[in-house]
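Quick one: sequence and predicted model below, then my questions.
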Amino acid sequence: MEQVHQPARRGYAFAWSGNRNPEREQATLRVWMGAAVLLAYGVFSWLHPSRDALLVMRIIALYVSYGAITLLIVSRATSPSQIRLTATTIADQSILGLALAAGGAIALPLIWVMFWFLIGSGCRYGKRTLAVSCATALVIVVTLSIGQPWWNANIPAAIGLGLSVLAASVYLSVLVDRLGNANRDLARQASTDPLTGLSNRYALEQIVDRAMTTPKADGDAATALLLIDLDGFKEVNDTYGHAVGDMLLQSFAQSLARRMRKSDTTARLGGDEFVVLAHQVRDRAAVLAVADSIHSVLGAITSVQERPVSVSASIGACLLSSAAAAHQSGMTAVLRAADRAMYRAKSLGEGKTVFAETRDFDTN
């Protein structure tokens, strides 16, 4: 037998990457770019044979082998590793430094690789890894200027390279910050309802799917989805116009967000349909307390722009555990069940809450 709840007169106060694998991408580039440089130095050594050119070519071959080993390791790794990332970042610049030390003037064409490593570290992993790469490069430049004959004889070139590395790193750091802020803004826009500022359907789907797929230990509190449909909203729109209707939706959204707990998710599906995803609810009584709070929010909205309004809510509540028990998963199944419960609540009069039952998950 379905449970219908008439809210109490008093309210209840209730005080959020893709499939890219950057390590694998970087390891692959080590192999292919290293092989291309090895081929170039192989041709150079054949046309202009010298001990230095041959030594540089062997170090580049060592780098390609190192790249193949890192590719094999990250392909088999089950999770990222900060220690591995730091070690490979240092090794990238260090092997390059070894080639510059061994080849002297012959190895000067490899200087661009130092900046390639800086760009790859900053753009893939952020400022921390960029700082490691920059520090390693600067140590190499200082070491070359002290101990390598060509660089020791051309200190201004060493100073220019060091300043270039430092300037490029500072610029990349600023760029990484700006790109990070831009990406966060885009992500926020993609997951936010533009009218109310609440989460949108896309964001809600991610949260619901995550909640349903996260393993739960015995005794863990449940999660409930409350689908809210505003009774009387159409009359407000018809009487006062869509501008006032939008203000009503915004007022409700703001009050709802303030009233719900910080751990809960508030979202707008569209039109006058809203959702509260209530986490850590022990039983149906706790879900009804959340529903009471929603009804109380609407009860406090009596006017918009000094125009009297009377709006209530019909709420369909669905425990995510009920979906699992019915062998259903994903937000579509949960919303369908909550929607059916909400329409039963609406048929019983204004301001009712009805729980979804097992039959509500039937797709027929």
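Great, that's in hand.

Identify each buried residue in the longest helix seen in the chain, please.
Criterion DSSP state H: the longest helix present in the chain is helix 155-190. Buried residues in helix 155-190, counted by 16 or more other CB atoms under 10 Å: 157-158, 161-162, 164-165, 168-169, 172-173, 176. The way it works is simple: take the backbone N, C-alpha and C, and place the C-beta from them, glycine included.

tell me what that helix is packed against?
helix 111-125, helix 127-147 (3 or more CB pairs under 8 Å, 6 or more residues apart in numbering; DSSP states H and E).

Go through those and name the closest to A317.
helix 111-125 (43.6 Å; CB to CB).

and that closest one with helix 155-190, angle?
20 degrees (axes from the mean of the first three to the mean of the last three CA atoms, to 10 degrees).

so what does helix 111-125 touch, helix or strand wise?
Looks like helix 111-125 contacts helix 22-47, helix 82-103, helix 127-147, helix 155-190 (3+ CB pairs under 8 Å, 6+ apart).

Check the gap between S296 and S251 for me.
In this view, S296 and S251 are 14 Å apart by CB to CB, to the nearest Å.

Now for the chain, the helix or strand with the poorest mean pLDDT.
Least confident helix or strand of the chain, by mean pLDDT, DSSP states H and E, is strand 4-5 with a mean of 46.

so where is the chain shaky, pLDDT-wise?
Applying pLDDT under 70 to the chain flags residues 1-20, 182-188, 214-220, 323-329, 363-364.

Can you give the domain ranges for it?
Per the record, the chain has its domains at 4-14+195-361, 22-190, by automatic domain parsing.

Could you identify which of the ones you listed is most buried?
Highest mean neighbour count among those (mean count of other CB atoms under 10 Å): domain 4-14+195-361, with a mean of 18.

starting at the chain centroid, how far to it?
25 Å (CA atoms, centre = their mean, to the nearest Å).

same question, stretch 131-141
In terms of CA atoms, centre = their mean, the centre of stretch 131-141 is found 30 Å from the chain centre.

now stretch 60-73
On CA atoms, centre = their mean, the centre of stretch 60-73 falls 31 Å from that of its chain.

What are the contacting residues of it?
24, 27-31, 34-35, 37-38, 41, 84, 88, 91, 95-96, 99 (CB atoms under 8 Å, 6 or more residues apart in numbering).

returning to what we had before: what's the angle from the helix or strand following the longest helix of the chain to helix 155-190?
Using DSSP states H and E, the helix or strand that follows helix 155-190 in sequence is helix 201-213. Using the same axes, to 10 degrees, one finds that helix 201-213 and helix 155-190 are set 90 degrees apart in direction.

Pull helix 201-213 out as CSV, backbone CA atoms only.
Output in CSV follows, covering the C-alpha atoms of helix 201-213 (Å, rounded to 0.1, in the frame of the first residue of the first chain):
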residue,chain,number,x,y,z
ARG,A,201,19.7,17.4,-15.6
TYR,A,202,23.1,16.5,-16.9
ALA,A,203,24.8,17.2,-13.6
LEU,A,204,22.1,15.4,-11.7
GLU,A,205,22.5,12.3,-13.9
GLN,A,206,26.2,12.1,-13.1
ILE,A,207,25.5,12.4,-9.4
VAL,A,208,22.7,9.8,-9.4
ASP,A,209,24.7,7.3,-11.5
ARG,A,210,27.7,7.8,-9.2
ALA,A,211,25.5,7.2,-6.1
MET,A,212,24.0,4.1,-7.6
THR,A,213,27.3,2.5,-8.6
